[in-house]
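> Here is my input, please return the structure:
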Amino acid sequence: MPTTPVTTASSAQADAPETIMLELVDEDGHTIGTAEKLAAHRAPGQLHRAFSVFLFDEQGRLLIQRRALSKYHSPGVWSNTCCGHPYPGEAPFAAAARRTHEELGVSPSLMAEAGTVRYNHPDPASGLVEQEFNHLFVGLVQAAVRPDPEEISEYVFVSPAELEKRCADGPFSAWFMTVLDAARPAIRELTGAQSGW
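Residues are numbered from 1 along each chain as shown. Coordinates of the predicted model:
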């Protein structure tokens, strides 16, 4: 399946991690403080709240995106529909809906919680570490995607078989398979038990 490139409108840094605050949490997901985004990702990493979104079209295909080359963390790799961090005090569901609209220009339909997963994934390329307590969400995309080129360089809708081939060819984000596997029960509920997810 061909990908859809995103026209670059600016060469500005995609985000300014030194100015964004993240919510630090304990192993049970309870808030214990805040830290600057970049500081939270420097080795060995600080456990912080995050979210991952998986959106599907009416054919049950997953929308994946290739992160913009200007991203400070994991640039140019493929990943799930949308991922990010709530602002301190922001509900994960609200953050997931907000960032999906900011990055992709669409509002998810029927978005539902799909559990949480905790992981520790170093990124060898950047030396940064993803120590995250990640809230998972699944839903549908029923409008034309209008990605922000400072966040996304291209996107594509994939079937399970197409995703398997792309994963073999790589590269994908360090966290992608962890969050996908954790979200699979909710994905199957959304797309149907026979969907192959």
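
> Quick one: end-to-end length of stretch 41-55, please.
Chord length of stretch 41-55, first to last residue, is 26 Å (Cα to Cα, to the nearest Å).

> Could you list the buried residues of that stretch?
The neighbour-count check on stretch 41-55 (16 or more other Cβ atoms under 10 Å) flags H41, G45, Q46, L47, H48, R49, A50, F51, S52, V53, F54, L55 as buried. No exception for glycine: its C-beta is placed from N, CA and C like everyone else's.

> Wasn't T178 part of a helix?
Yes: counting by DSSP: H, G, I helix; E, B strand; the rest coil, T178 is located in a helix.

> For this protein, just list every one of the strands.
For the chain, the strands defined by DSSP state E cover 4-5, 21-25, 31-36, 48-56, 62-67, 78-79, 82-84, 109-122, 129-140, 152-158.

> List of residues touching the second one?
I take that to be strand 21-25. For strand 21-25, contacts defined as Cβ atoms under 8 Å, 6 or more residues apart in numbering pick out 31-37, 40, 46-49, 85-89, 133.

> Filter these down to the buried ones, PyMOL style.
If you want just the buried ones from the contacts of strand 21-25 in PyMOL, going by 16+ other Cβ under 10 Å, the selection is:
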select buried, resi 35+37+40+46+47+48+49+85+86+87+133
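
> Go ahead and flag the most central residue of the chain.
Against the mean C-alpha coordinate of the chain, by Cα atoms, centre = their mean, the closest residue is C83 at 2.3 Å.

> Excluding chain neighbours, what is closest to that residue?
S52 (4.5 Å; Cβ to Cβ, 6 or more residues apart in numbering).

> Residues in a beta bridge with that neighbour, which ones?
C83, L136 (DSSP bridges).

> Which pLDDT value does the model give it?
As summarised for this prediction, S52 has a pLDDT of 98.

> got the contact list for it?
Here S52 is in contact with N80, C82, C83, N134, H135, L136, F137, W175, V179, A183 (Cβ under 8 Å, 6+ apart).

> hang on, the earlier thing: please identify which of the buried residues of stretch 41-55 is nearest to D26.
The closest of the buried residues of stretch 41-55 to D26 turns out to be L47 (Cβ to Cβ; 7.2 Å).
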